[in-house]
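1. I need the structure of the sequence given here:
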Amino acid sequence: MRRAIAWVMVSILVLAGGYVYADAQDWVPGWFTAEPFDVPQAPFVTQEPVAVASPSGTDAVARIDTDAPRPSAAEVQALAEQVRADSRTGASTNISVVDYLDGTVYADVSAADPQVPASTTKLITVVAAVAELGADFTTTTTVAWVPRTRTLTLVAGGDVLLAADQGHHGDVDDAEDAAQGWAGLGDLADQVVEALADSLGEDVIVQIDDSDFPGPAWPAEWPQYAFDMGYAAPVTGLAVDGARLTDDNYAKRASDPSVHAGELFVEALEARGVAVDGEVTRASSPVADDARGREVASVDSAPLSEIARHLLSVSDNTVAEQVARVLAIEAGRKATPTGEAKAIIASLRELGVDVTGLELHDGAGYSERNQISPATMTSALLAARDEPALEGLLDWLPLAGLEGTVATRYEGLAPAGYWRAKTGSLTGVTSIAGVVVTADGRPLAVAILADGMPYGQEAPKAAFDDLLVALAECGCEG
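-> A predicted model of the protein is given here:
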């Protein structure tokens, strides 16, 4: 039955323009090519093609059956305890499995004990930011003009996914690509030329102002290898394509993303006939709004919902940290790791999330001092379920067997098509959190975290996935 559902899903998605995550090398797992049978629709799949350029945000839960049979708590608890007892994991493995619809606890293996969460931290960051700011929230990048000094100032607003030239503004075939390049420096350059048509006969000076984001640009908790290997860039409130210097996902990053963006802005201006004098510089001191000059150009980022989809799908560290710092500013705090941590926890607490023992030092999950319990993870998923701004959360989480970091992990396994999840891994840390649908159609919020593990991810991942397979195949009515 599941093969048939997946086959239908693949056919629809191909017709809709292709929904396969780019890092999965543009091919669909073979499990989805089996011969179809006449079976009911799967909970996480719709039988109408989706308009991926402007998704509704509610497709993933549209078919969930609120009357679906519940699993046996005793059986699920036994399955969870087997994961901790497994030689591939250990005593530091903590698990929470609760009913996504009403919060009934089915498994609690030290679920309230905080531990290092790795990139599942991003799930917490997204829930807090969207709950506080709204799914439609955008940031604004501006350009100001001071005629006396003939200076154009590119002012950081928090968009680190700008295009080098013109943005697409949502006109894309694949929703997973929407956040990247939504707005562009070319858009700003066009507006500058239009606004200053009579003032551009002489050279202009270009500077950048990212003083709203005091940093540190590279969080003290982040390892140097993350920059060296292209896993993240310094976070300055202004960047083109996450400060990548080539088109590769893990490309070398600019050491100063703001100045790099300023240099690309100069290129966009010069391509439109504007003469620029000298090198791009950073404003020598924070520029007050009334001293920045007259605003002559502005662009808005992608909606926060699309940014959330992007960062959860590909586990974008730079974007996650930037979202956390924007949240801090909007909450009246400084855009620093300390400010963002306070803002995230305050937002979660107001949403009703159990924040007992929650400790954060970054918004992306690189810090080994972050502490989040599995119970907080599942509590956040349940709180998000009832928050209108977060109605699209399950769609933003990548679908096992098809999207993002779980695109190929569940090939041929029961969770493919039935499990939306955020993964996490650091040296000695393996984690995953999301919502899985049982064979009986019951959605379960699941969080599995293990720290203090030996080097390597394959063994603990396999143990975790044994539990998820069992849950996805579960017909274990209580």
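2. The nearest residue to R282 once chain neighbours are set aside and D165: what is the separation?
-> Leaving out its chain neighbours, the residue that sits closest to R282 by CB to CB, 6 or more residues apart in numbering is I208, at 5.6 Å. The way it works is simple: take the backbone N, C-alpha and C, and place the C-beta from them, glycine included. The gap separating I208 from D165 is 18 Å, by CB to CB, to the nearest Å.
3. And for G456?
-> According to CB to CB, G456 stands 43 Å off from D165.
4. Those two: who's more crowded?
-> Taking other CB atoms under 10 Å, G456 and D165 do not tie; D165 has more neighbours (17 against 13).
5. is it true that that one touches A183?
-> No - counting by CB atoms under 8 Å, D165 does not reach A183; the two are 10.9 Å apart.
6. Now do the same contact list for L312.
-> L312 makes contact with K122, L123, V126, W396, L397, P398, G404, K422, according to CB atoms under 8 Å, 6 or more residues apart in numbering.
7. Give me the subset of the residues you listed lying in strands.
-> Applying DSSP state E to the contacts of L312, the entries found in strands are K422.
8. Buried among the contacts of L312? Make that a PyMOL selection.
-> Per 16 or more other CB atoms under 10 Å, the buried members of these correspond to this PyMOL selection:
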select buried, resi 122+123+126+396+397+398+404+422
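9. number of nearby residues for E473?
-> Here the count is done by other CB under 10 Å, and E473 has 15 residues near it.
10. Skip the chain neighbours and tell me the closest residue to it.
-> Take E473 and drop its neighbours on the chain: the residue closest to it by CB to CB, 6+ apart is A414, 4.7 Å away.
11. how close does the one you found sit to V130?
-> According to CB to CB, A414 and V130 sit 30 Å apart.
12. neighbour count winner among the two?
-> Neighbours around A414 and V130, counted as other CB under 10 Å, are more numerous at V130. The numbers are 29 against 23.
13. hey, where'd the helices end up in the stretch 251-400 of the chain?
-> 257-271, 304-314, 317-330, 337-351, 374-385, 393-396 (DSSP state H, counting those that start in this stretch).
14. which residues sit against the fifth one?
-> Which is helix 374-385. The contact list for helix 374-385 (CB under 8 Å, 6+ apart) reads 94-98, 100, 103, 108, 111-114, 117, 120, 123-124, 127, 131, 348, 351-358, 390, 393, 433-435, 445-449.
15. Can you tell me which of the residues you listed are buried?
-> Looks like those have 94-98, 100, 108, 111, 114, 117, 120, 123-124, 127, 131, 348, 351, 353-355, 358, 390, 393, 433-435, 445-449 buried, using 16+ other CB under 10 Å.
16. what about W419, how many residues close to it?
-> 29.
17. so who does it touch?
-> Contact analysis of W419 by CB under 8 Å, 6+ apart lists L399, A400, V406, Y410, G434, V435, V436, V437, L468, A472.
18. Now the helix or strand hosting A459: average pLDDT?
-> If you go by DSSP states H and E, A459 is part of helix 458-472. For helix 458-472, the mean pLDDT works out to 95.
19. how about the nearest residue to A341, chain neighbours excluded?
-> Counting by CB to CB, 6+ apart, A341 lies nearest to L360, which is 4.0 Å off, once chain neighbours are set aside.
20. And the one you found, what's its pLDDT?
-> So, for L360, pLDDT stands at 98.
21. Okay, now the unreliable bits of the stretch 201-350 of the chain?
-> Residue ranges of the stretch 201-350 of the chain with pLDDT under 70: 285-292.
22. how many other residues sit next to D171?
-> Counted by other CB under 10 Å, the residues lying close to D171 total 10.
23. For my notes, confirm it occurs in a helix.
-> No - read with DSSP: H, G, I helix; E, B strand; the rest coil, D171 is coil and lies in no helix.
24. per-residue confidence for it?
-> Among the per-residue scores, D171 shows a pLDDT of 91.
25. can I assume V160 sits in a helix?
-> No - with three-state DSSP as the criterion, V160 is located in strand rather than a helix.
26. Do I have it right that I64 meets V437?
-> Yes - the pair I64 / V437 is scored as a contact, 7.3 Å apart, by CB under 8 Å.
27. Please say which of the two ends up with more neighbours.
-> Shown here are I64 and V437; by other CB under 10 Å, V437 has more neighbours (26 against 17).
28. isn't that one right up against P71?
-> No - here V437 does not reach P71: they are 11.2 Å apart, not a contact under CB under 8 Å.
29. out of the buried ones among the contacts of helix 374-385, which are inside strands?
-> Mapping the buried ones among the contacts of helix 374-385 onto strands (DSSP E) picks out 94-98, 108, 433-435, 445-449.
30. quick one on the thing from earlier: who touches both of V437 and P71?
-> Listed as contacting both V437 and P71 by CB under 8 Å, 6+ apart are L444.
31. in the stretch 1-150 of the chain, which spans are strands?
-> Ranges of strands within the stretch 1-150 of the chain are 93-99, 105-109, 140-146, based on DSSP state E, counting those that start in this stretch.
32. Mind putting the ones you listed into TSV with mean pLDDT and distance to L304?
-> Compiled in TSV, the strands of the stretch 1-150 of the chain are given as follows (pLDDT from 0 to 100; distance: least, CB to CB, whole Å):
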stretch	mean pLDDT	distance to L304
strand 93-99	97	26
strand 105-109	98	31
strand 140-146	97	13
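33. Now that we have those, can you turn them into a markdown table and tack on distance to P303?
-> Converted to a markdown table, these look like this (distance: least, CB to CB, whole Å):
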| stretch | distance to P303 |
| --- | --- |
| strand 93-99 | 29 |
| strand 105-109 | 34 |
| strand 140-146 | 13 |
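34. Mind checking these for the one nearest to V155?
-> Set against V155 and scored by CB to CB, the strands of the stretch 1-150 of the chain come closest in strand 140-146, at 4.6 Å.
35. Now find how far off-centre the closest one is within its chain.
-> Centre-to-centre, strand 140-146 and its host chain are 28 Å apart (CA atoms, centre = their mean, to the nearest Å).
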